[in-house]
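A.B. asks: A predicted structure for the sequence below; I have some questions about it.
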Amino acid sequence: MNDIEAIKARHSVRKYKPDRIEAEKVTILKEKIDELNKEGDLNLQFVEDAGKTYNKFFNVVSGLGSAPSVIACVGKDDAGLDQRVGYYGQQLVLLAQKIGLNTCWTGTFNKKNIDADVPDGQRLVICIAIGYGADSGKPHKSKTAAQVSTSGEDMPEWFVKGVEMALLAPTAINQQKFMINLGPNDAVEFVDKGGVLSQVDIGIVKYNFEVGSGRKQTPGA
Ligand SMILES: Cc1cc2nc3c(=O)[nH]c(=O)nc-3n(C[C@H](O)[C@H](O)[C@H](O)COP(=O)(O)O)c2cc1C
């Protein structure tokens, strides 16, 4: 499965089987986490036992309380942290999909109960629930390309494909509050239209756009 196939197959999964993730897959995830932490100046952590991370009422009702493991998205607390978390975290989400696991980004969780290391000067932004889904989720309702991007018949193919993958990106409460504009010299601009955790959304959207367009993007602030 390549990244495009993983983007198409991925949906948020909130109900998990009790099965633990096998050691070999944990190793694959941890190796990728090490690589992304170096590249993105992050401190992403695989927390094997989700414990009481999802004991909040909302999580219990949604089923997320059943997630066996979690990825804690921690990093140096600067202006670009949320976007970096989105951009690099989405790479883990897609890797998980490729090795048969399911995920759900979760802004709502119990910060006190998660077994993550958050040193001074760093911040725990969000978590990613991970495990074997009891189902594989379902496609989200989506805005159209015209609603989220510069559109028109003369848009280059790479831009159209980038926007297509961006529309499949998970966003908090499925808000899709972003715009992708094509400027002079093929410059691509991502506009954050606000909303809960919208900078994490922008980071995720940038990575999906990169996969679709084949053009490298950089998380910013
Ligand atoms: C930044 C962010 C925060 C999210 N927080 C939660 C959450 O707290 N609880 C939850 O059930 N889903 C959460 N989600 C999942 C979204 O609801 C989901 O991505 C969106 O509805 C689109 O559905 P899809 O992921 O299946 O494509 C979050 C997603 C993102 C990107």
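C.D. replies: It's in.
A.B. asks: phi, psi of whichever residue of the chain sits closest to the ligand?
C.D. replies: Proximity to the ligand, evaluated over the chain using C-beta to the nearest ligand atom, is greatest for P170 at 2.9 Å. Heads up, the C-betas are built off the backbone N, CA and C, glycines and all. P170 adopts backbone torsions of phi -70, psi 140, taken as degrees, to the nearest 10.
A.B. asks: residues touching it, list them.
C.D. replies: With contact taken as C-beta atoms under 8 Å, 6 or more residues apart in numbering, P170 is in contact with R10, S12, V93, W105, H140, I204.
A.B. asks: again, only using 10 Å
C.D. replies: When contacts are counted by C-beta atoms under 10 Å, 6 or more residues apart in numbering, P170 touches 10-12, 86, 90, 93, 103-105, 128, 137, 140, 176, 200-201, 204-205, 208.
A.B. asks: if I look at the spatially closest residue to I21 that is not a sequence neighbour, how far off is V47?
C.D. replies: When the adjacent residues along the chain are set aside, I21 lies closest to S69, with 5.7 Å between them (C-beta to C-beta, 6 or more residues apart in numbering). Distance of S69 to V47, computed by C-beta to C-beta, to the nearest Å: 6 Å.
A.B. asks: list the residues that contact both of these two?
C.D. replies: Looking at what touches both S69 and V47 (by C-beta under 10 Å, 6+ apart), the common residues are T53, I130.
A.B. asks: Pick out whichever of the two has more residues nearby.
C.D. replies: S69 (21 against 17; other C-beta atoms under 10 Å).
A.B. asks: Flag every residue of the chain that's near the ligand.
C.D. replies: Within reach of the ligand by C-beta under 6 Å from any ligand atom, the chain has these residues: 11-12, 14, 62, 64, 104-108, 126, 137, 140, 170-174, 197, 200-201, 204.
A.B. asks: and the residue nearest to the spatial centre of the chain, which of the three is it?
C.D. replies: The structure's the chain has its C-alpha centroid closest to Q90; by C-alpha atoms, centre = their mean the separation is 3.5 Å. Applying DSSP: H, G, I helix; E, B strand; the rest coil to Q90 yields a three-state assignment of helix.
A.B. asks: ok now do it, which residues does it touch?
C.D. replies: If a contact means C-beta under 10 Å, 6+ apart, then Q90 has 3, 7, 10, 103, 105, 128, 169-170, 200, 203-208, 210-211 as its contacts.
A.B. asks: mind checking pLDDT for it?
C.D. replies: Q90 is assigned a predicted lDDT (pLDDT) of 98.
A.B. asks: For the chain, which segments count as helices?
C.D. replies: Taking DSSP state H as the criterion, the chain contains helices spanning 3-9, 23-40, 57-62, 81-98, 145-148, 157-167, 198-213.
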